[in-house]
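**Q** Quick one: sequence plus predicted model below, questions after.
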Amino acid sequence: MQLNLQRPLLFFDIESTGLNIPEDSIVELSFVKVFPGGEERVKTWRIKPWDYVLRRQRPITPEASAVNGITDDMLTGCPTFFEVADEVALWLKDSDLAGFNSAKFDLPMLAEEFERVKLAGKDLQVDLHSPLMVDVQNIFHAMEPRNLRAAYRFYCGGEDFANAHSAEADTLATYEVLKAQLDRYQTPDKYREQVLKNDVASLASFVGKKYVDFSGHLIRDDQGEILINFGKHKGKSARKVWETEPSYYAWIQQGSFSLDTKAQFARLEEQFKRERLAAKWNGRLF
């Protein structure tokens, strides 16, 4: 089944130096952009992972190399993310997003790289919070809990797809799995009443919790209130924490959190300050 799209849907996958988002970097990034009408465009970048503080290539962990097959020497002549960021941003423009487990790792890692190049002096306007995000793994786990290779065998038939764990192969396999999921779950049966609707908003609903930052330190409850989602203030209103313990927000900025998490806390703090000032001028605090 072809996707019913109102605007482009960009499938993507990342290979990285490791799994620690604040400390690791992208080494391979692949996009498969699907347009309304079915046109597909594919782009893959090999990227030299760059440490902007130490100004040197960041090493790949042995564990990551064992999975993705990429070694440090394979990347020495590749561009840094700073050098390809403008092109990556153009591919992202006006698109919704899709991937396999991308909501938890690939998307926050991509956001982290963009925040790094902004701090390094590149003027970019990239908003990764606004696009809808279809995480095919969430749909897969809701319907048939397994991993990508099993999903491909189950939905697409035949043997494993070639070059598993390369970014491009994984991205193309994810795209094929989503189309097959739409074919499979059109009618309910006695074991499963849920069906899949062929629109991005419905597919994106499988992501689950409404995270404000990609790392999930801030979430929205059913009423839209933003809550702290970790540590001693877990479950508390972000606004109430700022009102009673503003130093907590300073601690976030000084701590070992992703740049996106810090940016979202800073955005909230500025919002709360503006609202307090506006209330004061309206006489509400007198």
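**A** Great, that's in hand. Residues are numbered from 1 along each chain as shown.
**Q** So for this structure, the centremost residue is which one?
**A** Leu107 (1.6 Å; CA atoms, centre = their mean).
**Q** ok, the closest residue to Pro8 other than its chain neighbours - contacts?
**A** Spatial nearest neighbour of Pro8, excluding adjacent residues (CB to CB, 6 or more residues apart in numbering): Ser95 at 4.3 Å. All C-beta atoms are positioned from the backbone trio N, CA, C, and that covers glycine. Residues near Ser95 by CB atoms under 8 Å, 6 or more residues apart in numbering: 7-10, 33, 131.
**Q** do the same with Ile228
**A** Taking CB under 8 Å, 6+ apart, one finds 217-218, 234-238, 241 in contact with Ile228.
**Q** Now, those that are in strands?
**A** If you go by DSSP state E, the contacts of Ile228 have Leu218 in strands.
**Q** Most neighbours among the contacts of Ile228, please name it.
**A** The most neighbours of any of the contacts of Ile228, using other CB atoms under 10 Å, belong to Ala238, which has 26 neighbours.
**Q** give me the number of residues near the closest residue in space to that one that isn't next to it in sequence?
**A** Spatial nearest neighbour of Ala238, excluding adjacent residues (CB to CB, 6+ apart): Ile226 at 4.5 Å. Burial of Ile226, expressed as a neighbour count using other CB under 10 Å, amounts to 18.
**Q** Next SSE downstream of the strand or helix carrying Lys179?
**A** Per DSSP states H and E, Lys179 falls inside helix 167-184. Later in the chain than helix 167-184, the nearest helix or strand by DSSP H and E is helix 200-204.
**Q** Out of the contacts of Ser95, which sit inside helices?
**A** Secondary structure from DSSP state H places none of those in helices.
**Q** Put the buried members of the residues you listed into a ChimeraX selection.
**A** Isolation of the buried members of those (16 or more other CB atoms under 10 Å) is achieved in ChimeraX through the command below:
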select :8,9,10,33,131
